[in-house]
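Enquirer: heads up, no residue letters with this:
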């Protein structure tokens, strides 16, 4: 019963029934990535993704990101896509977790802030 209510009322835990109906009517499945996200394209050229689980926009791999933002017309599922050497594999957004980035000098980071060099002079009225 809980799963049924979540599918009916929430959009962040997958797709709602209305979204699934819209995909069934107007979407054409283009491919799927290694995270289980499914990509669609409409008759008018609009592109969208159905996330596997929690809807996190940072969970789109680089190749699919380029296709989603119309940087390429060929999706990674139709070609032999090889990532460039500077592209790293997907890492989820760590904001709000213990693994989040805290710069030196932040209250959450015990490391000391770097010392100021002499090339800056504070303004005084």
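Expert: Right, received. Where do you want to start? Remember, predicted model here, so these are calculated numbers, not experimental data.

Enquirer: burial of the closest residue to residue 90 other than its chain neighbours, as a residue count?
Expert: For residue 90, ignoring the flanking residues on the chain, the nearest one in space by C-beta to C-beta, 6 or more residues apart in numbering is residue 61 at 5.4 Å. Quick note: C-beta positions are derived from backbone N, CA and C, even for glycine. The number of residues packed near residue 61 is 17, by other C-beta atoms under 10 Å.

Enquirer: what sits against the residue nearest the centre of the chain?
Expert: By C-alpha atoms, centre = their mean, the mean C-alpha position of the chain lies nearest to residue 58, the distance being 1.8 Å. Listed by C-beta atoms under 8 Å, 6 or more residues apart in numbering, the contact partners of residue 58 are 90, 92, 93.

Enquirer: and the gap between the residue nearest to residue 90 and residue 123?
Expert: Here residue 61 is placed at a distance of 46 Å from residue 123 (C-beta to C-beta, to the nearest Å).
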